[in-house]
Every structure is written in C-alpha cells, then in structure tokens.
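Peer 1: Need a 3D model of the following:
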Amino acid sequence: MKPTTDRMLNRIKDVYKYIHENGTVTTQDLVDEFGITPRTIQRDLNVLAFNDLVESPTRGQWTTTRKKVKMTS
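Peer 2: Sure, this is the predicted structure:
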C-alpha cells in the first residue's frame, strides 16, 4: 500500500475512534483535534458514513452507529 493511502486509513480510523470515545462531535471539533482542513475531514466522514460507521443526526454533528467494528492496531 502507498504511504499516503496508509496514512489516510490510519487517520480515518483515528477519526472513528475519536467520535466513538467522545459521543456526538462537530465537524469543527474534528478539524481542531486533527489539525486538518474541513474538506479533508468531510472526505473522511464520507468514507465512514458510506460504510455505515457514523451518521449525522443534525447538520455538522457526527456520532457512531451501532454497527460492530473490529479494531486492529
């Protein structure tokens, strides 16, 4: 796997873990926590939402779904 792909997958996993540990978070919370652009966070959230791992109960807020996830290091 290319280093950029590996880095992206690790970031997406970290975003998911952050949301799971903190409950409902805003897009801005994620931008502040990870120090990346809102557009990058939105792309990561789209990947997670497409895989039914997060949902947005209201615009700009995110929470994890009940889908079971097996986390590996």
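Peer 1: For stretch 51-63, what is the distance to the chain centroid?
Peer 2: 9 Å (C-alpha atoms, centre = their mean, to the nearest Å).
Peer 1: Would you mark the buried spots in that stretch?
Peer 2: 53-54, 62 (16 or more other C-beta atoms under 10 Å). (Glycine included, C-beta is placed from N, CA and C.)
Peer 1: can you check stretch 38-52 too?
Peer 2: Applying 16+ other C-beta under 10 Å to stretch 38-52 flags 41, 44-45, 47-48 as buried.
Peer 1: and if you look at stretch 19-38?
Peer 2: 19, 25, 27, 29-31.
Peer 1: Check these against Lys2 and report the nearest one.
Peer 2: Leu30 (23.8 Å; C-beta to C-beta).
Peer 1: Name the nearest residue to that closest one, ignoring sequence neighbours.
Peer 2: Take Leu30 and drop its neighbours on the chain: the residue closest to it by C-beta to C-beta, 6 or more residues apart in numbering is Ile41, 4.7 Å away.
Peer 1: same question, Lys13
Peer 2: Lys13 sits nearest to Met71 (C-beta to C-beta, 6+ apart), 7.4 Å away.
Peer 1: Just to be sure, that neighbour is in a strand?
Peer 2: No. Met71: not assigned to a strand; according to DSSP: H, G, I helix; E, B strand; the rest coil it is coil.
Peer 1: Does the spatially most central residue of the chain lie in a helix or a strand, and which?
Peer 2: Taking C-alpha atoms, centre = their mean as the criterion, Val15 is the residue nearest the geometric centre of the chain, at 3.5 Å. Element membership for Val15 (DSSP states H and E) is helix 3-22.
Peer 1: got the buried residues for that helix?
Peer 2: 8, 12-13, 15-16, 19.
Peer 1: Report the lowest-confidence entry in these.
Peer 2: Ranked by pLDDT, the buried residues of helix 3-22 bottom out at Met8 (90).
Peer 1: Quickly note the distance from it to Lys2.
Peer 2: Distance, Met8 to Lys2, using C-beta to C-beta, to the nearest Å: 9 Å.
Peer 1: cool, and Trp62?
Peer 2: Taking C-beta to C-beta, one finds Trp62 at 27 Å from Lys2.
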